[in-house]
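> I'd like to go over a predicted model; first the sequence, then the structure.
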Amino acid sequence: MTSLTADELERYARHIVLREVGGPGQAALKAASVLVIGAGGLGAPALMYLAAAGVGTLGVVDDDVVALSNLQRQIIHFTPDIGRPKVDSAADKIHALNPHVKFISHATRLDVSNAMALIGDYDVVLDGSDNFETRYLASDACFFAKRPLITAALGMFDGSLTTIRAHEKNGAGEFNPTYRCLFPEAPPPGTVPACAEAGVMGALAGVLGSMMALEAIREITGFGEGLVGRLLMVDARAMRFETLRYRWDDNNPLTGTNATIMDLKAR
């Protein structure tokens, strides 16, 4: 088991006194590696809380640079970072927050050619991307790499969060649902406006990103009931939280009876 230094014991003391975490749970966090796709509205708070929690290795995939309009919600980036690669800006903040965390920058865009290599190097994957193409790619790659995926999405005043373990079966011997069971098809082009067009409530990104980090911590330490087969929905207008249950669809092309997706290129 990974040991904790005296400095780490003090740093994570409020975790360690929790019965559900304790020393073993904190050691598991130190030994874990998490890949975050996107250092934006969702990825920024997720990275900060995962680093604060003591996740041993954090990787981030992002090919963008910091813009002034990002700063309303992407709290890992500061005004002097405008124009810098987001992975470099994020690395500075993580190192300042917790020097015990190993930070790995992937200054690229997740695509079919690199998804398996990137995802296969980590224990847990968080998808904070802003488009369905990347969400489908990340979820399919996690299935083939046998990695749990925590995926979230933001609207103007709403958001959602779920965990995908499509490579595993449940207690009844059925496959866990895939992302494609939840969203069989992407919305037609143009029907979902981009953040720049529709806007987004900045603090809502913080809520969902923090919940992604919490779900990752629960996956790593093993406490509580995870969000596999459950979609958590947040309505910021009414400050309402609801949970929708969803199941494996045997018509899905990834794990269905007549599956057609055998690798990432055949999608």
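Yep, that arrived.

> which intervals of the protein have sub-threshold pLDDT?
1, 190-197, 266 (pLDDT under 70).

> State the distance from the closest residue to residue 210 other than its chain neighbours to residue 69.
In space, and not counting its chain neighbours, residue 210 is closest to residue 45: 5.1 Å by C-beta to C-beta, 6 or more residues apart in numbering. Quick note: C-beta positions are derived from backbone N, CA and C, even for glycine. Residue 45 sits 17 Å away from residue 69, going by C-beta to C-beta, to the nearest Å.

> Which one's more surrounded, those two?
residue 45 (24 against 11; other C-beta atoms under 10 Å).

> In a helix, the more buried one, correct?
Yes: judged by DSSP: H, G, I helix; E, B strand; the rest coil, residue 45 forms part of a helix.

> which residues does it contact?
75, 76, 205, 206, 209, 210, 213 (C-beta atoms under 8 Å, 6 or more residues apart in numbering).

> Whichever of those end up buried, select them in ChimeraX.
Restricted to buried positions by 16 or more other C-beta atoms under 10 Å, the ChimeraX selection for those reads:
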select :75,76,205,206,209,213
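
> could you pull out the strands for the stretch 101-250 of the chain?
For the stretch 101-250 of the chain, the strands defined by DSSP state E, counting those that start in this stretch cover 102-106, 124-127, 149-154, 158-164, 230-235, 240-245.

> Name the stretch among those that sits most buried.
Neighbour counts (mean count of other C-beta atoms under 10 Å) averaged over each of these peak at strand 124-127, with a mean of 27.

> quick one, which of the strands of the stretch 101-250 of the chain is nearest to residue 24?
strand 124-127 (17.4 Å; C-beta to C-beta).

> Can I get stretch 119-134 in PDB? Just the C-alpha atoms.
Below are the C-alpha coordinates for stretch 119-134, written out as PDB (Å, rounded to 0.1, in the frame of the first residue of the first chain):
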ATOM      1  CA  ILE A 119      -7.000   6.800 -21.700                       C
ATOM      2  CA  GLY A 120      -5.200   3.500 -21.200                       C
ATOM      3  CA  ASP A 121      -2.500   5.200 -19.100                       C
ATOM      4  CA  TYR A 122      -5.000   6.300 -16.400                       C
ATOM      5  CA  ASP A 123      -7.300   4.600 -13.800                       C
ATOM      6  CA  VAL A 124     -10.300   6.900 -14.100                       C
ATOM      7  CA  VAL A 125     -11.400   9.300 -16.900                       C
ATOM      8  CA  LEU A 126     -13.400  12.500 -16.500                       C
ATOM      9  CA  ASP A 127     -14.900  14.000 -19.600                       C
ATOM     10  CA  GLY A 128     -15.600  17.700 -19.400                       C
ATOM     11  CA  SER A 129     -15.700  18.300 -23.100                       C
ATOM     12  CA  ASP A 130     -18.300  20.500 -24.700                       C
ATOM     13  CA  ASN A 131     -19.400  18.500 -27.800                       C
ATOM     14  CA  PHE A 132     -21.000  15.200 -28.500                       C
ATOM     15  CA  GLU A 133     -18.300  14.000 -30.900                       C
ATOM     16  CA  THR A 134     -15.700  14.000 -28.100                       C
END
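
> Pull the residues that contact that stretch.
By C-beta under 8 Å, 6+ apart, stretch 119-134 touches 32-38, 40-43, 46, 57, 59, 110, 135, 138-139, 141-142, 145, 147-152, 154, 183, 186-187, 192, 194-195, 209, 212-213, 216, 219-220.

> Give me the buried subset of those.
The buried subset of the contacts of stretch 119-134 - by 16+ other C-beta under 10 Å - is 32-38, 40-43, 46, 57, 59, 110, 135, 138-139, 141-142, 145, 147-152, 154, 183, 195, 209, 212-213, 216, 219-220.

> one step back: could you dump the strands of the stretch 101-250 of the chain into a markdown table with distance to residue 170 added?
Listed next are those as a markdown table, based on distance: least, C-beta to C-beta, whole Å:
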| stretch | distance to residue 170 |
| --- | --- |
| strand 102-106 | 32 |
| strand 124-127 | 19 |
| strand 149-154 | 16 |
| strand 158-164 | 13 |
| strand 230-235 | 12 |
| strand 240-245 | 12 |
